[in-house]
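Q: what follows is a predicted structure for the sequence shown.
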Amino acid sequence: MICSIIGEMWVGVLLAVVTELVPATMRVTATAVYFFIITNIAGAATLLVGPIKHAWSYRAALVILFPGLYVASAVFFFFTLGVLRRDLEAAKEKQEQQALLESSQSLLIESPDKPESYGAADRADSEDRTA
C-alpha cells in the first residue's frame, strides 16, 4: 500500500509542472492534453505486450516497454529541457528589452523640453552679453 502511494507521487508533481509551464489561459487545455496522453497513450502500452511477444519474446516485450519507454521519456525530457532553456533565454531578453523601453519612455516623459545643461550655457551666454 505504501509503495503504491509513494510510487504515484510523481503524478501530482508533473501535473503542477504542466500547469505552471503554460500561460494561465491554456492551463485547462494543457491539463486535458496531459490526462489524454497519460490515460489513452500510456495506458494502451500494455496492449503492445502481445504483438511484441509474438514477434520476439516475452522478455523482449517487457524490456522494450518498461525500461525502453523510461529511456524514451528521458530523451523527451532532455529535449524539452533544451527547448525550455531557449524559451527562458528569449523571455529574459524580451523582458530586458521591455524594461529598457519603459525606462527610456519614462526619461522622455520626465525630461523638460530644454535640458538643464542648455539652461546653464544660456545663462553664461546672457551674462557674457550683459557684461
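A: Sure thing, it's come through.
Q: phi and psi next, for Thr46.
A: In terms of degrees, to the nearest 10, the main-chain angles of Thr46 are phi -70, psi -20.
Q: average pLDDT for the longest helix belonging to the chain?
A: Secondary structure of the chain per DSSP state H: the longest helix is helix 67-110. Averaged over helix 67-110, pLDDT sits at 84.
Q: domain parsing of the chain, as residue ranges.
A: Domain ranges of the chain: 1-49, 66-131, per automatic domain parsing.
Q: nearest to Trp56, out of these?
A: The closest of the domains of the chain to Trp56 is domain 1-49. By C-beta to C-beta, the value is 11.2 Å. From N, CA and C alone the C-beta is placed, and that goes for glycine too.
Q: can you list the domains of the chain in CSV and add mean neighbour count?
A: Formatted as CSV, the domains of the chain follow (neighbours: other C-beta atoms under 10 Å):
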stretch, mean neighbour count
domain 1-49, 11
domain 66-131, 10
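Q: now these in CSV, with distance to Tyr58?
A: Below are the domains of the chain laid out as CSV (distance: least, C-beta to C-beta, whole Å):
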stretch, distance to Tyr58
domain 1-49, 8
domain 66-131, 12
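Q: closest to Ala55 out of those domains?
A: For those, distance to Ala55 was read as C-beta to C-beta. The smallest value, 10.4 Å, belongs to domain 1-49.
Q: any idea how far that closest one is from the chain center?
A: Chain-centre distance of domain 1-49: 17 Å, with C-alpha atoms, centre = their mean, to the nearest Å.
Q: follow-up on the earlier one: off-centre distance for the longest helix of the chain?
A: Centroid separation for helix 67-110 versus its chain: 7 Å, with C-alpha atoms, centre = their mean.
Q: cool, and stretch 41-56?
A: Distance, stretch centre to chain centre, for stretch 41-56: 33 Å (C-alpha atoms, centre = their mean).
Q: by contact count, what packs against the helix or strand that contains Gly12?
A: Element membership for Gly12 (DSSP states H and E) is helix 9-21. Counting contacts by 3 or more C-beta pairs under 8 Å, 6 or more residues apart in numbering; DSSP states H and E, helix 9-21 packs against helix 27-36.
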